[in-house]
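J.: sequence below, structure please.
(one chain, ligands or ions: 1)
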Amino acid sequence: MKIAIVGTGYVGLITGTVFAFLGNDVTCVDVDKKKIENLVNGIIPIYEPGLDEMIKECIIKGRLHFTTELSTVVDSVNAVFSAVGTPPAKDGSADLSYVYQVAKTFGENISHYNVFVTKSTVPVGTADKVKEIIQKELDKREMNIDFDVVSNPEFLREGSAIKDCLEPDRIVIGTESERAKEVMRKIYSCYYCTNDYSMVYTDLHSAEMIKYASNSMLATRISFINEISRICEQVGADIDEVAKGVGMDTRIGKHFLNAGCGYGGSCFPKDVQALISTAKENKCAVPLLEAVENTNTIQKNLMYLKVCNYFRYRLDTAKIAIWGLSFKPDTDDMRQAPSLKVLSGLWEYGAKDIRVYDPVAMEEGKKILGDAVKFCNNPYETAEGADVIIILTEWKEFRMLDMDRIRKSMKKPVIFDGRNIYSVPPTGFEYYPIGKIDSYKMK
Ligand code: NAD
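T.: The predicted structure follows:
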């Protein structure tokens, strides 16, 4: 099948590449000229394990193309996927202007039956609005052309996105049209899992809601276990033991029960907020979702407050080392990362000497943080002469360091571990993990 994927960010570039890898002819479209120019020259704008090689292979096989002009490809493809961003607006609702722009271009250019597929995460009712926009453009052109709108939300996780795309738990297709369903079935027939068990065919509104409900459920589990971790700290229980014991209950399951310094990234925070916003618009009370968000804010703040408390809120002479900037391992994405919250908290209390290291998010970090922190080449350099190390991303690399060397090079061997990366505290360190001991009372 011939497909256009609009938006070559984490979702568009990865799903487009996987569709091409599995045999489809894919054109990736983006308004960012530099990004497209780089892609044409083999420069990949994001870090995702395995993506570089896959893109190169697809380009060589002639199945993956790049352009900035959606108008030139709309009419030569079986479907146009919108994978553009839907960032939070000021009031927390999803900003749909990019999706609507793609719909407009689609309506301006189709001349025969085509399918508009929304892969971006969009609130319930967006497909109806997209239909209206496309129809309005067709009316302007006085053309009577059949088209369908499909909701096909994406569930990939940055860091394991290729595997998630190749072996999805389920593929959700929301449509009322048998014709569109057939197009989607053909597009996805390249998947190994294309049996009707992993395909969820449903109506448009339910498909849109499945995505928000899924992300909100995951965010709820994180906020729940973080809240339990706060109680553990006060009563002397160990959150890792508790999570293990809880997760062994098959009704609960073991996934998403890792306590930490709060969830971040480009999805959970904005999607929980957008669902709250949808609920409010529809006069529906959602105290649970509001609590999920609030408890996450508390958890993100807790991390820097613990450090500030350690320094008696006088951080002007403190030498602080931060390991991990990305919101999770195996990605360079720093959107809503706990590291940003921790840094602004430390600055608020006067911290001046902060050194940071991340295995892949250094370039992204430099773009966001400029020269407000010192970027180091490795964890050892970051820790040298530091009063404390704060661990904010659970990169595997941090588990395999020579901790003896680190300890000897520090001014004081102190670790605040926001990800509980060590099952046994490193020898000779004052160690403050999440939810294990009363870290406040230790001081
Ligand atoms: P992103 O910001 O990484 O990429 C969006 C891209 O769209 C950018 O390259 C931008 O230049 C481009 N763009 C914007 N307007 C355009 C237009 N009119 N025409 C062409 N290109 C345009 O975003 P992302 O992280 O890939 O997320 C995209 C969507 O997928 C969002 O709705 C997000 O919620 C959802 N989603 C994201 C993830 C994830 O892990 N990142 C997972 C599942 C779903």
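J.: can you report how many residues lie near the nearest residue to residue 63 once chain neighbours are set aside?
T.: Closest residue to residue 63 apart from its sequence neighbours, by C-beta to C-beta, 6 or more residues apart in numbering: residue 20 at 4.2 Å. Where C-beta positions appear, they are placed from N, C-alpha and C, glycine not excepted. Residues near residue 20, counting by other C-beta atoms under 10 Å, number 26.
J.: so residue 20 versus residue 337, what's the distance?
T.: Residue 20 is 30 Å from residue 337, where distance means C-beta to C-beta, to the nearest Å.
J.: residue 266: what secondary structure?
T.: State at residue 266, reduced to three classes by DSSP: H, G, I helix; E, B strand; the rest coil: coil.
J.: so what's the residue count around residue 180?
T.: Counted by other C-beta under 10 Å, the residues lying close to residue 180 total 23.
J.: host element of residue 381?
T.: For residue 381, the host element (DSSP states H and E) is helix 379-383.
J.: not including adjacent chain positions, what is the nearest residue to residue 423?
T.: Among residues not flanking residue 423 along the chain, residue 240 sits closest, at 7.2 Å (C-beta to C-beta, 6+ apart).
J.: for the helix or strand containing the one you found, which helices and strands make contact with it?
T.: Using DSSP H and E, residue 240 falls within helix 239-247. Applying 3 or more C-beta pairs under 8 Å, 6 or more residues apart in numbering; DSSP states H and E, one finds that helix 239-247 makes contact with helix 204-235.
J.: give me the helices and strands touching the helix it packs on, please.
T.: Judged by 3+ C-beta pairs under 8 Å, 6+ apart, helix 204-235 is in contact with helix 126-140, strand 147-151, strand 171-174, strand 199-202, helix 239-247, helix 268-281, helix 287-310.
J.: now do the third one, average pLDDT.
T.: For strand 171-174, the per-residue pLDDT values average out at 97.
J.: got the residues of this protein near the ligand?
T.: Residues of the chain lying close to the ligand by C-beta under 6 Å from any ligand atom are 6-12, 29-32, 35, 83-86, 98, 101-102, 120-121, 154, 156, 158, 266-267.
J.: buried only: go through these for me.
T.: Burial of those was assessed by neighbour count (16 or more other C-beta atoms under 10 Å); the buried members are 6-12, 29-31, 35, 83-86, 98, 101-102, 120-121, 154, 156, 158, 266-267.
J.: helices and strands of the protein: which one bottoms out on pLDDT?
T.: In the chain, no helix or strand scores lower on mean pLDDT, DSSP states H and E than helix 439-442, which sits at a mean of 48.
J.: returning to what we had before: run through the residues that contact the residue nearest to residue 63.
T.: By C-beta atoms under 8 Å, 6 or more residues apart in numbering, the contact set of residue 20 is 26, 58, 61, 63-64.
J.: over to residue 125?
T.: 205, 208 are the contacts of residue 125 under C-beta under 8 Å, 6+ apart.
J.: give me phi/psi at it?
T.: For residue 125, the backbone dihedrals (degrees, to the nearest 10) come out as phi 100, psi -10.
J.: how far away from the center of its chain is the helix or strand just after the helix holding residue 381?
T.: Once helix 379-383 ends, the next helix or strand along the chain (criterion: DSSP H and E) is strand 388-391. Relative to its parent chain, strand 388-391 has a centroid offset of 24 Å by C-alpha atoms, centre = their mean, to the nearest Å.
J.: so residue 326: helix, strand or coil?
T.: Recorded secondary structure, residue 326: coil (three-state DSSP).
J.: returning to what we had before: which SSE is the residue nearest to residue 63 in?
T.: Assigned by DSSP H and E, residue 20 belongs to helix 10-21.
J.: list only those of the contacts of residue 20 flagged as buried.
T.: Buried among the contacts of residue 20 by 16+ other C-beta under 10 Å: 26, 58, 63-64.
J.: among these, which two are most distant?
T.: Across the buried ones among the contacts of residue 20, the longest distance by C-beta to C-beta is 7.6 Å; it joins 26 and 58.
J.: give the contact list for the residue in the stretch 301-443 of the chain that the ligand sits nearest to.
T.: In the stretch 301-443 of the chain, the residue found nearest to the ligand is residue 333; the distance is 6.9 Å by C-beta to the nearest ligand atom. With contact set as C-beta under 8 Å, 6+ apart, residue 333 has these partners: 10, 46, 158, 265-266, 326-327, 361, 364.
J.: same thing but at 10 Å, please
T.: For residue 333, the contacting residues are 9-10, 46-48, 158-159, 264-267, 325-327, 360-361, 364, by C-beta atoms under 10 Å, 6 or more residues apart in numbering.
J.: neighbours of residue 91, how many?
T.: Neighbour count of residue 91, defined by other C-beta under 10 Å: 9.
J.: give me the nearest residue to it, chain neighbours excluded.
T.: Once flanking residues are discounted, residue 91 sits nearest to residue 277: 6.6 Å by C-beta to C-beta, 6+ apart.
J.: right, and that neighbour touches residue 89 too?
T.: Yes. Using C-beta atoms under 10 Å, residue 277 is in contact with residue 89, at 8.5 Å.
J.: hmm, back to that, columns pLDDT on top of the contacts of residue 20, output as TSV?
T.: Shown next, in TSV, are the contacts of residue 20 (pLDDT from 0 to 100):
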residue	pLDDT
26	98
58	96
61	96
63	96
64	97
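J.: out of these, which are inside strands?
T.: Using DSSP state E, the members of the contacts of residue 20 that fall in strands are 26, 64.
J.: now the two most distant members of the contacts of residue 20.
T.: Within the contacts of residue 20, 26 and 61 form the most distant pair, 11.0 Å apart (C-beta to C-beta).
J.: which element is residue 66 on?
T.: If you go by DSSP H and E, residue 66 is part of strand 64-67.
J.: tell me how far the next helix-or-strand element following that strand lies from the chain's centre.
T.: Next along the chain after strand 64-67, taking DSSP H and E as the criterion, comes helix 70-73. On the basis of C-alpha atoms, centre = their mean, helix 70-73 sits 28 Å off its chain's mean C-alpha point.
J.: may I see the buried residues of helix 70-73?
T.: Applying 16+ other C-beta under 10 Å to helix 70-73 flags 70, 73 as buried.
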